[in-house]
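A.B. asks: no letters, just coordinates:
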């Protein structure tokens, strides 16, 4: 039995990828994830704002000291805290690559095009095997149309891809009016994989302090359904590979992801909740199920429950929607 899979041209020993999380800040955690069976690891994100802040600080420093003497340009502002800035991140990529043998995927979180995309190339030079571009863009301008938003995504992907030789994955949210069309545009812009989907964390209100406060809830298995839905629709219809992230908590979730058409299933919340050694449990559940049903490989099941063979996927979705509602009504009558 083979659990091997291919993702963006990378050969992975299994489809379980440790996605971006605070766990990847520590080399010991990355080594632990490899030891427990993770096939690849996505590092925590470097944010566009961090790069811009460093650039602005540097520009101010140079302008404030340019008249001192010829060596003034050799004084660089120091970053506050390890891994909080671009240079620390690049060093962390190199250290992670030296620490493990599994692929290390860098993560860049941005909302615009500009000079910061050159860091994609620097991440490649630091040793990253691939880059995951996490576009976190919440349009709040009422004059900005959906077409404007989509064009921004495509422009960012195209510009970042033009700076890279390593594969590029694009992590995006599900909030597009025509998700399939958007996936095709990103595919045509050069994305080697689409990661479905980003989880946009919503703030809460503190009624005592009258403040907006951050609120982070770990994912639950129910969130997997939306990801399965779109992976099944897109499988075989675009060139880019598919990755599922959000709601992957068990080996059965990984199996569902493969059957929908994904190449890999990314896990974070389950590891934060149960510990890194939970990777072994995920792999055991997956392998036991495959042995019981005599699957020879992961590739054998990929896309087996997708809508690739359905002439009209839209009609299939509508039929399933009505079937779900009817089943609930029947259960209610029985009770």
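C.D. replies: That came in fine, so what should we check first? Worth saying up front: this structure is predicted, and the values here are computed from it rather than measured.
A.B. asks: only C-alpha atoms from now on, for both contacts and neighbour counts.
C.D. replies: Will do.
A.B. asks: can you give me the neighbour number for the closest residue to residue 219 other than its chain neighbours?
C.D. replies: Spatial nearest neighbour of residue 219, excluding adjacent residues (C-alpha to C-alpha, 6 or more residues apart in numbering): residue 247 at 5.4 Å. By other C-alpha atoms under 10 Å, 25 other residues sit near residue 247.
A.B. asks: wait, what's in contact with residue 247?
C.D. replies: 219-224, 253, 267, 269 (C-alpha atoms under 8 Å, 6 or more residues apart in numbering).
A.B. asks: so which of those residues wins on neighbours?
C.D. replies: With neighbours taken as other C-alpha under 10 Å, the top of the contacts of residue 247 is residue 267, carrying 27 neighbours.
A.B. asks: format the contacts of residue 247 as TSV; extra columns: distance to residue 305.
C.D. replies: Supplementary listing: the contacts of residue 247 in TSV, determined by distance: C-alpha to C-alpha, whole Å:
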residue	distance to residue 305
219	24
220	22
221	19
222	18
223	18
224	15
253	14
267	21
269	25
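A.B. asks: from those residues, which two are the most distant?
C.D. replies: Greatest spatial distance among the contacts of residue 247 (C-alpha to C-alpha): 222 and 267, at 14.1 Å.
A.B. asks: my understanding was that residue 238 contacts residue 189; is that so?
C.D. replies: No: Residue 238 lies out of contact with residue 189 (C-alpha atoms under 8 Å); the separation is 11.8 Å.
A.B. asks: quick one: the strands in the stretch 151-300 of the chain, in order.
C.D. replies: For the stretch 151-300 of the chain, applying DSSP state E, counting those that start in this stretch gives strands covering 168-172, 193-196, 204-206, 211-213, 241-245, 264-267.
A.B. asks: and residue 191, how far is that from residue 263?
C.D. replies: Noted for residue 191: a distance of 15 Å to residue 263, by C-alpha to C-alpha, to the nearest Å.
A.B. asks: tell me who's in contact with the nearest residue to residue 296 once chain neighbours are set aside.
C.D. replies: Leaving aside its chain neighbours, residue 296 sits nearest to residue 1 (4.7 Å; criterion: C-alpha to C-alpha, 6+ apart). Going by C-alpha under 8 Å, 6+ apart, residue 1 touches 291, 295-297.
A.B. asks: mind redoing it with 10 Å?
C.D. replies: Taking C-alpha atoms under 10 Å, 6 or more residues apart in numbering, we find residue 1 in contact with 287, 290-291, 294-298.
A.B. asks: same check on residue 175?
C.D. replies: Residue 175 neighbours (C-alpha under 10 Å, 6+ apart): 138, 197-198.
A.B. asks: mark which of those are buried, thanks.
C.D. replies: 197-198 (16 or more other C-alpha atoms under 10 Å).
A.B. asks: and the pLDDT at the residue nearest the centre of the chain?
C.D. replies: The chain has residue 171 as the residue nearest its centroid, 4.5 Å off, counting by C-alpha atoms, centre = their mean. pLDDT, residue 171: 96.
A.B. asks: over to the one 4 residues further on?
C.D. replies: With respect to pLDDT, residue 175 scores 89.
A.B. asks: what separation do you get for it and residue 183?
C.D. replies: The gap separating residue 175 from residue 183 is 12 Å, by C-alpha to C-alpha.
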